[in-house]
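Structure for the following, please:
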Amino acid sequence: MNNKEITIYDLAKQLNLSATTVSRGLRGYEAINKKTRLRIEQLATELGYQRNKFASNLRVQRTHTIGVIVPKLNSLFISSVLSGIEKIVNKANYNLIISQSFEKELKEKNNVQTMFNSRVDALIISLSTETEDFGHFDGFLKKKIPIILFDRVTDQIPSTKVVIDNFRAGYIATEHLIMQGYKDIVHITGSMTHSVYKDRFEGYRKALDQYGIAFDPSLMLSVELTEPALRTVLLNDVLKRDRRPDALFITNDSCAAIAQVILGEEGLSVPDDMAIVGFNNDLISRVTSPAITTIHYPGYEMGETIGELVIEQLTAEGGQVVNKTVILDSDLLVRSSSVRRNG
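Residues are numbered from 1 along each chain as shown. The predicted structure is shown next:
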């Protein structure tokens, strides 16, 4: 059996074409006649030709890969963002290498180093809740490799940032509850070390102030956004208070849905006994009964924006690090979980 590696020159000889024409045909150059490209592709498939991407990338000092690090993959929001990114970068002949930090700073640091050693052409990342030191990005910054932060961002890394206006989102969610007549509004949120949750809290607090409701620190609960943590805080704290709160603003739709189940288990009705507003507009917010009022977080559109920005930086002259913030629109989607039925 002949195990000789098939090269472009073998294809060119059989097709009576130049090696340059074959190379461009395999890469889909439109300048090459469509029929000629088809002949090249058919012969390459027939003979088992494998393009040596590593060698060609070394010649242009590009791997045509983009690293993406996210806290966790089991999130509709993250999945939507990744889908939007991939749609755009694939059109520009880039592929994604995706990893997750599992909300651990050490894991994130290891992932960043792996991406750097893999010579990705750019890095896209949403920071873990634990991350407080940002020295692991120094290698990318020194080599002027583009970094794009999204959702969970920091001003300590010179980079492009893609976010929504979390302050406004927190404000309009709280304002809606106030306009419905709710006053004892518990805000359940994640770690305040990150601007995402900090800004939503500031929006919540501003809405209370604007409508003359004194801020009660005991109504602001920063917890891990998981079912066990939420169940603990509701059963051992919120529902045991002498004056039971009348609304929950939870910055995560999954937790908002879990809260709704817990309230039902305790014999409480949503929204009659307690209203709920979530965040993200995940599918679960639309299929619960009642459906959950939420902030629409445009994940797919965010992904497309990130993809366009990274390709723009990769194709720009000079390799200059771009330090800017792009803010996307978000809206309140009012559903039955927060609308008073007695008017």
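
From here on, just use CA atoms for contacts and neighbour counts.
OK.

Tell me if I'm right that Gln119 and Ile97 touch.
Quick fix: residue 119 is Arg, not Gln. No. Counting by C-alpha atoms under 8 Å, Ile97 is not a contact partner of Arg119; they are 11.0 Å apart.

Which one's more surrounded, these two?
Per other C-alpha atoms under 10 Å, whichever of Arg119 and Ile97 has more neighbours is Arg119, with 18 against 13.

got a pLDDT number for that one?
Note on Arg119: pLDDT of 90.

Make residue 1 into 39 and carry on from there
Sounds good: first residue 39 from here, last item Arg157.

which residues of the stretch 39-188 of the chain fall in strands?
For the stretch 39-188 of the chain, strands defined by DSSP state E, counting those that start in this stretch occupy the ranges 103-108, 133-138, 160-163, 185-188.

what lines up beside the third one in the sheet?
Which is strand 160-163. Strand 160-163 has the following sheet partners, assigned by DSSP bridges: strand 103-108 (parallel), strand 185-188 (parallel).

Redo those as CSV? Include distance to Glu146 and mean pLDDT.
Compiled in CSV, the strands paired with strand 160-163 are given as follows (distance: least, C-alpha to C-alpha, whole Å; pLDDT from 0 to 100):
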stretch, distance to Glu146, mean pLDDT
strand 103-108, 8, 97
strand 185-188, 13, 97
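
any idea which of these is most buried?
strand 185-188 (a mean of 25; mean count of other C-alpha atoms under 10 Å).

so Ile251 makes contact with Lys221?
Yes. Contact criterion C-alpha under 8 Å: Ile251 and Lys221 qualify, at 7.2 Å.

who has more neighbours, these two?
Using other C-alpha under 10 Å as the criterion, Ile251 and Lys221 rank with Lys221 on top: 17 against 14.

show me what contacts the more buried one?
The contact partners of Lys221, taken as C-alpha atoms under 8 Å, 6 or more residues apart in numbering, are Leu215, Ile251, Asp284, Ala285.

Flag the shaky bits of this structure, pLDDT-wise.
Under the criterion pLDDT under 70, the flagged ranges of the chain are 39-41, 89-99, 355-359, 380-381.

Quickly list the domain ranges of it.
Here the domain parsing of the chain from automatic domain parsing is 46-89, 100-202+337-367, 204-335+370-376.

can you pull out the helices in the stretch 39-188 of the chain?
Taking DSSP state H, counting those that start in this stretch as the test, the helices found in the stretch 39-188 of the chain are 46-53, 57-64, 72-85, 91-98, 114-129, 143-155, 176-180.

Of all the ones you listed, which one is nearest Ala245?
Taking C-alpha to C-alpha, helix 114-129 is the member of the helices of the stretch 39-188 of the chain nearest to Ala245, at 25.8 Å.

ok so, going back, can you redo the helices of the stretch 39-188 of the chain as JSON lines with mean neighbour count?
Below are those laid out as JSON lines (neighbours: other C-alpha atoms under 10 Å):
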{"stretch": "helix 46-53", "mean neighbour count": "16"}
{"stretch": "helix 57-64", "mean neighbour count": "18"}
{"stretch": "helix 72-85", "mean neighbour count": "15"}
{"stretch": "helix 91-98", "mean neighbour count": "11"}
{"stretch": "helix 114-129", "mean neighbour count": "19"}
{"stretch": "helix 143-155", "mean neighbour count": "18"}
{"stretch": "helix 176-180", "mean neighbour count": "14"}
